[in-house]
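*Asks:* starting from these lines, generate the structure:
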Amino acid sequence: MKTYDRHILVCNDDDCCDDGGGKQVLKAVRQQLGKRAKGVKCSKVSCLGQCKHGPVMIVYPDGVWYRCPNKQALQNIIETHLIGGEIAKDHVLFTMPQPPNS
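*Replies:* Have a look, this model is predicted:
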C-alpha cells in the first residue's frame, strides 16, 4: 500500500452549497496539486456535517478543517498548507487537538 504524508477529505455532498461546491473543490484540488504535492491523497466523502460552512475539507494528519468558499481561498490553502506546510489561518474552520508526543 502506498503511503502518504497528508490525506485530504473533501465534502462531496450536494448539500454543501447551492452550486455543488464540494465537487468543484475536489476537482480543483486534484487539478492544482497535480504532481506538485507528491505524498498527498485526496478523497471525497459524502458529508462532513458542516453544510452551513461548506464546502469543507479536512487535512490529515494535521487535523485542520478548512472552509473553501471560493477559488482564492482554495488556492491559498493549497499553496500555504499543502505545498508550503503551514496552516492557512484565514480559512480555518476548526483545528483538532494534536495528541501528545509519545
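
*Asks:* drop to CA atoms for contacts and neighbour counts, all remaining ones
*Replies:* OK.

*Asks:* show me the shaky parts of this protein.
*Replies:* The chain contains residues with pLDDT under 70 at 14-20, 102.

*Asks:* would you mind finding the longest helix in it?
*Replies:* The single longest helix within the chain, with elements called by DSSP state H, is helix 21-33.

*Asks:* flag every buried residue along that one.
*Replies:* 21-23, 25-26, 28-29, 33 (16 or more other Cα atoms under 10 Å).

*Asks:* tell me how far that helix lies from the chain's centre.
*Replies:* Distance of helix 21-33 from the chain centroid (Cα atoms, centre = their mean, to the nearest Å) equals 9 Å.

*Asks:* okay, that helix in PDB with CA atoms only?
*Replies:* Extracted in PDB, the C-alpha atoms of helix 21-33 (Å, rounded to 0.1, in the frame of the first residue of the first chain):
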ATOM      1  CA  GLY A  21     -19.300  23.400  -4.400                       C
ATOM      2  CA  GLY A  22     -17.800  20.300  -2.800                       C
ATOM      3  CA  LYS A  23     -17.500  18.600  -6.200                       C
ATOM      4  CA  GLN A  24     -15.800  21.700  -7.600                       C
ATOM      5  CA  VAL A  25     -13.400  21.900  -4.700                       C
ATOM      6  CA  LEU A  26     -12.400  18.200  -5.100                       C
ATOM      7  CA  LYS A  27     -11.800  18.700  -8.900                       C
ATOM      8  CA  ALA A  28      -9.800  21.900  -8.300                       C
ATOM      9  CA  VAL A  29      -7.700  20.400  -5.600                       C
ATOM     10  CA  ARG A  30      -6.800  17.400  -7.800                       C
ATOM     11  CA  GLN A  31      -6.000  19.700 -10.700                       C
ATOM     12  CA  GLN A  32      -4.000  22.200  -8.800                       C
ATOM     13  CA  LEU A  33      -2.000  19.700  -6.800                       C
END
